[in-house]
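[1] take a look and give me a structure for this.
(chains A and B)
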Amino acid sequence: MKNYLRFLSRCFRLSFVGDARYYAWMFLLTSVVLLGVNAYCKQLVAGLATTGMTDQVSWGFYIANFTFLVGMAAAAVMLVIPVYIYRNRELHDLVIFGELFAVAAIIMAMLFVSVDLGRPDRFHHLMLRFNFPSSMLTWDVVALNGYLLLNLHICGYLIYCAYMRRAPSKIFYIPFVFVAIAWAISIHTVTAFLYSGLGGRPFWNSAVIAPRFLASAFAAGPAFLVLTLSALKAFTTYQVSAKAFMTLRNIITVALTINMFLLAAEAFTEFYTDSAHGASARYLFLGLHGRTALVPWIWSAIALNLVAMVLLYTPLSRRVAILQFACVLLIVGIWIEKGMGLIVPAFIPTPLGEIVEYLPTRNETFVTLGIWALGLLIYTILVRITVPVLSGRLVFDRSFASATAEHHPQP
Amino acid sequence: MTGVRIWDGPSLPARVTANALNRRSFLRVGAAALGGMAALAAALSPLRELGSDQVPNLEQFLQKHYKQMTPAELEEALERIRAKVEKRFEVRPHLRDLKPMEGVEFGYALNLSRCIGCRKCVHACVAENNQSRTPEIQYIRVIEMPRGTLDVEQGTHHYDRPLVPDAEHFYLPVQCHQCANPPCVKVCPVEATWQEKDGVTVIDYDWCIGCRYCEAACPYWARRFNFAQPKLPKDQLNPNMSYLSNRPREMGVVEKCHFCLHRTREGRMPACAEVCPTGARKFGNLLDPHSEVSEILRTKRIFILKEEVGTLPRFFYYFDERYPNSLDPEAIAIADDLRAKEGAAYGCLPGSNGPDTEIIAAVTPQWWDGRTA
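    Residues are numbered from 1 along each chain as shown, chains lettered A, B, ... in the order given. Predicted coordinates:
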């Protein structure tokens, strides 16, 4: 117990130690978080009128980011499966960074739902009258919190064992790893059901939504990990093998291809049928009655994803720099596709045929950026602590100072 | 080293160096912490604008769900609301909790051959139900439809003619359909909305957390959200109110048509039916075989909107089979009569964009966007 508390206090201290680049990065993130806090305070005072949302388009940027981040969190599983089921050695030590990202992503996802609430002061009503199993939103609350706890347990246990220099006992984490695999699929499925279960929104009322969510998440999540691992490689002494990058590349390529296939299947059904059912899809891809706000978004998303796919399929992306570039393209592409391309068009036209367009306001954008910055801040701290622990520099029987020597590569 | 030497010894003992370092790092950490706190305080500063009535007091915070309150607790809650309304509007409201009547299930029938599109129902509803006036929240949306279709996408929401009805169109008013299988109730995560025994789907405005999932789920676009602090002038308050219907709402909660249950549960007509100049709107008890609504369901060729979504509405429409190609001539005569009597005041009363961004921009200070208040 005493050791554990000391571990926590050392982690806390360690998160304040770093070189100039670390301080600059943390300062930048903290500033953006504060801007977000400021914007959210304004929203608390003046209401959600500070956002671009209306009764016509009653969900916007917040819910879009929420959806995207649930997918990113679920994607950690794409590292876990190769390691624990196919015994892939290359990825073994990297799994933990995926799971840590899942923790940060879930926290961001929850914050996005929270800032979308009109009455955050009544949050506790969720505990007092929980409409389970009728409301898919309550399923999501269970799924997200469960997934957060699972990942906190797995990461926390493994890191603490490394700190204590003892071999983790399998019984304490292997069962949880397998539960987490199923759970990861479930969080994104439940989030998709949140939308696809609504008969009054034809654009969402489609069985392909859940598989598409998973496919896009399994492309964007590992792509984000490629970027994270690149940063680890560049800024720390932590070793990431080229093979690990290539394994991720394979995963991303397959997932992105499936995602594009499902998108095409969806588009075919809507456009070939050409029924009133497809009004939202028409609005999204082509515009409706001269209103075209989303058209540039979706086509740029498709273009980004296609370019990324071509890069991933050609040998060019065996070079890590090209792989990173493709990853950036596809993360942006999928973010647009999930956000402006999936949440917003379901509201346009309204069930009564009215077309009101949506664009996020400045305040809404600041809140969004603030949450992203907070998530990255959390992730940075988690990684900052994990790297010296895993590389044996922060262990219980060595002094704290030995852990902070990180940025000077050891002979 | 040119600085003043404080210590004259041959060499600095390790402990002193450590202390000096600690002092220096203490100052540095202190300055950083102070700067951080100042930045945080600045970030939080908009909260100073928070009105005292926007922050729930302890009693409001602990108030239970409508269905969980004992009669005494409900009476306390009602008294709290009365006091709040009295403070805000300087009128003692006639606020009570009306329960559904035994043997009653409400239903609505709307004769599309008699609707002249004047939107008097829209505005009578706003006057009755204490909706926010700026931005104005309206429960009824009248759509001007071309003849020969029921596809609402072909309709016009913001028709603005000097005179209605237009001969080329018919008018389709839509409000909450009080479905028997309501998707909005199904999706609410906190059971803040439910269907009552008399078929009315109600909302506990003190329980709603404002997630707007119900708004996304409704196939009839019947629900409205208070995006801004509702503004209702004192002299426009309707003091006849009940807990589950038209008591003044707060920011951040959802509301919708409740068939004027503070009237209908006392045997009166809803405001929209009462005001309709042509008698296009018929309201009554579906369980009473002698009611006008039951008679219509038996004898007219009624239909419901979006039957395919399976919501089983209690709101029925029909066309008068005697006039397949025009409105009921009697309704047209009534419209002509109104035009003569009301002069310039007649016409299609203003529609609404709902709490649209443009309206909100016009009525709410834009300080959050960095412009002047």
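[2] all contacts plus neighbour counts: C-alpha atoms, from now on.
    OK.
[3] any idea how many residues pack against residue 314?
    Assuming you mean chain A. Neighbourhood size, residue A:314 [other Cα atoms under 10 Å in any protein chain shown]: 9.
[4] hmm, no, I was thinking of chain B.
    20.
[5] please tell me I have it right and it contacts residue B:110.
    No - with contacts counted by Cα atoms under 8 Å, residue B:314 stays clear of residue B:110, the gap being 11.1 Å.
[6] on contacts alone, who are the packing partners of the strand or helix carrying residue A:329?
    Element membership of residue A:329 [criterion: DSSP states H and E] is helix A:320-338. Counting contacts by 3 or more Cα pairs under 8 Å, 6 or more residues apart in numbering or on different chains; DSSP states H and E, helix A:320-338 packs against helix A:61-74, helix A:209-235, helix A:295-313.
[7] so which bits of the last one are buried?
    Neighbour counts using 16 or more other Cα atoms under 10 Å in any protein chain shown place A:295, A:297-299, A:301-302, A:304-306, A:308-309, A:311-313 of helix A:295-313 among the buried residues.
[8] thinking again about what came up before, same question for the helix holding residue A:329, mean pLDDT?
    The pLDDT scores in helix A:320-338 average 95.
[9] that one vs helix A:295-313, what angle?
    Put simply, helix A:320-338 runs at 150 degrees to helix A:295-313, going by axes from the mean of the first three to the mean of the last three Cα atoms, to 10 degrees.
[10] if we can go back for a sec, can you add mean pLDDT and distance to chain B and give the helices and strands packed on helix A:320-338 back as a markdown table?
    Listed next are the helices and strands packed on helix A:320-338 as a markdown table, based on pLDDT from 0 to 100; distance: least, Cα to the nearest Cα, whole Å:
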| stretch | mean pLDDT | distance to chain B |
| --- | --- | --- |
| helix A:61-74 | 94 | 10 |
| helix A:209-235 | 92 | 16 |
| helix A:295-313 | 96 | 19 |
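[11] for residue B:98, find the nearest of those helices.
    helix A:61-74 (36.8 Å; Cα to Cα).
[12] need the contact partners of that closest one.
    For helix A:61-74, the external contacting residues (Cα atoms under 8 Å, 6 or more residues apart in numbering or on different chains) are A:99, A:101-106, A:108-110, A:112-113, A:115-116, A:184-185, A:187-188, A:191, A:213-214, A:216-218, A:220-221, A:335, A:338-340, A:342-344, A:360, A:364-365, A:368.
[13] also stretch B:330-342?
    Contacts with stretch B:330-342, where a contact means Cα under 8 Å, 6+ apart, come from B:113-116, B:164-165, B:277-278, B:346-347.
[14] what's the closest of the residues you listed to residue B:189?
    residue B:115 (37.5 Å).
[15] show me what contacts the spatially closest residue to that closest one that is not a sequence neighbour?
    Leaving out its chain neighbours, the residue that sits closest to residue B:115 by Cα to Cα, 6 or more residues apart in numbering or on different chains is residue B:280, at 5.6 Å. Residue B:280 makes contacts with B:110-115, B:273, as judged by Cα under 8 Å, 6+ apart.
[16] please name the residues that touch residue A:216.
    A:71, A:255-256, A:259, A:334.
[17] quick revisit: okay, the helix holding residue A:329 in PDB with CA atoms only?
    What follows is helix A:320-338, C-alpha atoms only, in PDB (Å, rounded to 0.1, in the frame of the first residue of the first chain):
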ATOM      1  CA  VAL A 320       7.600   5.500 -42.100                       C
ATOM      2  CA  ALA A 321       7.300   9.100 -43.200                       C
ATOM      3  CA  ILE A 322       4.900   8.200 -46.000                       C
ATOM      4  CA  LEU A 323       3.000   5.900 -43.600                       C
ATOM      5  CA  GLN A 324       2.700   8.800 -41.200                       C
ATOM      6  CA  PHE A 325       1.400  11.100 -43.900                       C
ATOM      7  CA  ALA A 326      -1.200   8.500 -45.000                       C
ATOM      8  CA  CYS A 327      -2.300   8.200 -41.300                       C
ATOM      9  CA  VAL A 328      -2.800  11.900 -40.900                       C
ATOM     10  CA  LEU A 329      -4.900  12.000 -44.100                       C
ATOM     11  CA  LEU A 330      -7.100   9.100 -43.100                       C
ATOM     12  CA  ILE A 331      -7.600  10.300 -39.500                       C
ATOM     13  CA  VAL A 332      -8.800  13.700 -40.800                       C
ATOM     14  CA  GLY A 333     -10.900  11.900 -43.500                       C
ATOM     15  CA  ILE A 334     -12.600   9.600 -41.000                       C
ATOM     16  CA  TRP A 335     -13.100  12.400 -38.500                       C
ATOM     17  CA  ILE A 336     -15.000  14.300 -41.200                       C
ATOM     18  CA  GLU A 337     -16.900  11.300 -42.300                       C
ATOM     19  CA  LYS A 338     -18.100  10.400 -38.800                       C
END
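[18] so how far is that helix from its chain's centroid?
    13 Å (Cα atoms, centre = their mean, to the nearest Å).
[19] off-centre distance for stretch A:325-342?
    12 Å.
[20] kindly report the same for stretch B:314-333.
    Computed by Cα atoms, centre = their mean, the chain-centroid distance of stretch B:314-333 equals 30 Å.
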